[in-house]
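>>> How does the following fold in three dimensions:
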Amino acid sequence: MLGIRVGAHDRTLFPVDNGERLNAALGDEERRESMLAVWRERPFAAATARIRELMDDLLA
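Have a look, this model is predicted:
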């Protein structure tokens, strides 16, 4: 908030570009949609458990 108060643009604080590595991991819109479609069919608890597993691996 302080940065915005002193005149910084929000895009300076929160860049829109995800970065090369993240863009490569996410793939294009079609790939993301096909991967998300599978998870929309699963229970919320299963998706949450998978996210926890991925984060545990990432932060280990």
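>>> ok, now how distant is Ala47 from Leu54?
Note on Ala47: its distance to Leu54, by C-beta to C-beta, to the nearest Å, is 11 Å. Where you see a C-beta, it was placed from the backbone N, CA and C, and this is true even at glycine.
>>> repeat for Ala60
In terms of C-beta to C-beta, Ala60 sits 11 Å off from Leu54.
>>> Between the two, which is the more surrounded one?
Neighbour comparison, Ala60 and Leu54: the larger count goes to Leu54, with 10 against 5 (by other C-beta atoms under 10 Å).
>>> List of residues touching the helix or strand harbouring that one?
Secondary structure assignment for Leu54, by DSSP states H and E: helix 44-59. Contacts to helix 44-59, defined as C-beta atoms under 8 Å, 6 or more residues apart in numbering, come from residues Trp39.
>>> That one: how far from the chain's middle?
The chain centre lies 13 Å from the centre of helix 44-59; the measure is C-alpha atoms, centre = their mean, to the nearest Å.
>>> can you give me the mean pLDDT across it?
For helix 44-59, mean pLDDT rounds to 92.
>>> what does stretch 20-30 give?
84.
>>> Neighbours of Trp39, how many?
Close neighbours of Trp39, defined as other C-beta under 10 Å, add up to 13.
>>> Find the nearest non-adjacent residue to it, please.
Ala47 (5.4 Å; C-beta to C-beta, 6 or more residues apart in numbering).
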